[in-house]
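# Okay, sequence plus prediction incoming.
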Amino acid sequence: MNSDAPTPSARIIDGRASAARIRARVARAVETLKREHDLVPGLTVVIVGDDPASHVYVRQKGEQTREAGMVSDTIRLDADTPEDELLRLIARLNADARVHGILVQLPLPAHMNADAVIAAIDPAKDVDGFHVQNAGRLSVGLPAMVPCTPLGCRILLEETLGDLSGLEAVVVGRSNIVGKPMAQLLLASHCTVTIAHSRSRDLPALCRRADILVAAVGRPEMIRGDWISPGACVIDVGINRVPTRDPELAAQGKTRLVGDVAFDEALSVAGHITPVPGGVGPMTIACLLMNTVTAAARAHGLDPEAILAD
Ligand code: GUN
């Protein structure tokens with residue numbers, strides 16, 4: 001045995017277990033809404049086109065929505081559906097009191113303008129939290145629908161570290177879906193926040209400052225072990241499909257999932273780390289279910305925090 005080999009020290013953050021606890025809490029909240037308020041939360045997911053990965057995600061969303069006791073509807077549109085037909089559908093869903101949450105699965109076909117489609121969704125039903133009104137409300141600290149993936153990341157961080165006040169957080173990636181709202185949530189939790197991205201100078205040095213490192217770049221294993229400060233908490237949002245390590249299997253087209261962090265290297269440096277799969281991934285749908293309950297409660301003048309309290 002090579003005695004110089006680094007020993008794994010990081011604790012693995014179990015996103016599957018955390019997501020299961022959230023789903024159970026959502027199911028209890030749904031029971032309360034039904035029993036005490038005669039209210040059944042409903043989520044409608046719209047998918048346009050035939051991207052196989054998107055169809056897998058949408059099926060999982062429908063299954064988990066039903067398992068939590070809510071009404072799930074999935075509307076599948078052909079890839080060549082005109083944008084104004086989608087906008088008319090959204091207007092109909094906005095006006096339907098049984099629909100509390102609307103999610104249009106991204107990416108949309110190239111002939112559609114995703115910004116215009118998101119803008120058409122009633123902000124109160126925007127369970128993705130992508131509408132500019134929700135992004136603005138989040139940034140000024142007003143109650144908002146919060147994007148599901150960053151919300152899930154913050155829950156994992158708080159479960160792992162407790163109070164985040166004063167910690168140095170570095171978010172790598174500046175997307176509207178993850179990077180920017182993640183930074184807002186960490187700021188609201190009193191972290192000192194840096195948003196790094198592909199044009200940042202000396203990315204490794206920036207990452208080494210982090211007590212909390214959130215990787216959301218979509219590049220397989222880009223963040224190396226020596227970019228991580230000893231003991232840091234690493235949240236890996238990336239889900240990248242790459243060829244398997246075994247060249248024979250890789251030649252047969254076999255793939256495996258990796259994150260944006262070189263996991264094996266990070267294990268011997270980080271204090272805590274999310275695995276891929278089984279880390280952030282399961283939290284996204286759990287938070288979508290939570291947002292749907294939040295939207296339903298608010299639509300009926302109820303306090304979502306009280307409804308979702310354990
Ligand atoms: N495509 C990949 N992730 C997401 C998500 O969180 N919401 C939507 N609407 N589309 C996605």
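Yep, that arrived.

# what ranges do the strands span in the stretch 201-310 of the chain?
For the stretch 201-310 of the chain, the strands defined by DSSP state E, counting those that start in this stretch cover 212-215, 233-236, 240-243, 255-258, 272-273.

# Which among the ones you listed is found nearest to Val117?
Using C-beta to C-beta as the criterion, the shortest distance between Val117 and these is 26.1 Å, found for strand 240-243. For every residue, glycine as well, the C-beta is placed using N, CA and C.

# thinking again about what came up before, for the strands of the stretch 201-310 of the chain, give me TSV that also has distance to the ligand.
TSV is the format used below for those (distance: least, C-beta to the nearest ligand atom, whole Å):
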stretch	distance to the ligand
strand 212-215	16
strand 233-236	16
strand 240-243	13
strand 255-258	15
strand 272-273	22
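
# Mean neighbour count, mean pLDDT and distance to Ile102 added to those strands, as JSON lines?
JSON lines is the format used below for the strands of the stretch 201-310 of the chain (neighbours: other C-beta atoms under 10 Å; pLDDT from 0 to 100; distance: least, C-beta to C-beta, whole Å):
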{"stretch": "strand 212-215", "mean neighbour count": "29", "mean pLDDT": "99", "distance to Ile102": "27"}
{"stretch": "strand 233-236", "mean neighbour count": "28", "mean pLDDT": "98", "distance to Ile102": "28"}
{"stretch": "strand 240-243", "mean neighbour count": "13", "mean pLDDT": "96", "distance to Ile102": "29"}
{"stretch": "strand 255-258", "mean neighbour count": "15", "mean pLDDT": "96", "distance to Ile102": "29"}
{"stretch": "strand 272-273", "mean neighbour count": "22", "mean pLDDT": "98", "distance to Ile102": "34"}
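
# quick one: which of these is nearest Leu161?
The closest approach between Leu161 and any of the strands of the stretch 201-310 of the chain, judged by C-beta to C-beta, belongs to strand 233-236 at 5.8 Å.

# Of the strands of the stretch 201-310 of the chain, which is nearest Met290?
Across these, the minimum distance to Met290, taken as C-beta to C-beta, is reached by strand 233-236, at 18.2 Å.

# How far does the closest one sit from its chain's centre?
Relative to the centre of its chain, strand 233-236 is centred 14 Å away, using C-alpha atoms, centre = their mean, to the nearest Å.

# That strand pairs with which strands, and in what direction?
Each strand that pairs with strand 233-236, with its direction, by DSSP bridges: strand 212-215 (parallel), strand 272-273 (parallel).

# and for the longest helix anywhere in the chain, what are the contacting residues?
With residue count as the measure and DSSP state H as the assignment, the chain has helix 15-37 as its longest helix. For helix 15-37, the external contacting residues (C-beta atoms under 8 Å, 6 or more residues apart in numbering) are 39-41, 64, 67-70, 152, 155-156, 159, 274-275, 278-283, 285-287, 289-290, 293, 296-297, 300, 302, 307-308, 310.

# Pipe the strands paired with strand 233-236 into JSON lines and attach distance to Gly49 per row.
As requested, these are arranged in JSON lines below (distance: least, C-beta to C-beta, whole Å):
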{"stretch": "strand 212-215", "distance to Gly49": "28"}
{"stretch": "strand 272-273", "distance to Gly49": "35"}
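
# ok, back up a step: type out the ChimeraX command that picks the buried ones from the contacts of helix 15-37.
The following ChimeraX command selects only the buried members of the contacts of helix 15-37, with burial defined by 16 or more other C-beta atoms under 10 Å:
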select :39,41,64,68,69,70,152,155,156,274,275,278,279,280,281,282,283,285,286,287,289,290,293,296,297,302,307,308
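
# Need the residues that contact stretch 172-181.
Defining contact as C-beta under 8 Å, 6+ apart, one finds that stretch 172-181 is touched by 106, 129-130, 135, 138, 146-147, 149-150, 171, 195-197, 203, 207, 213-218, 223, 237, 260.

# and Asp163, how many neighbours does it have?
Using other C-beta atoms under 10 Å, Asp163 is surrounded by 9 other residues.

# Look through this structure and state the residue closest to the ligand.
In the chain, the residue found nearest to the ligand is Leu106; the distance is 3.6 Å by C-beta to the nearest ligand atom.

# Quick one, grab the pLDDT at that residue.
For Leu106, the model assigns a pLDDT of 97.

# That one - nearest residue in space that isn't next to it in sequence?
Ala114 (6.2 Å; C-beta to C-beta, 6 or more residues apart in numbering).

# Residue numbers of the stretch 101-250 of the chain in contact with the ligand?
103-106, 128, 148-149 (C-beta under 6 Å from any ligand atom).
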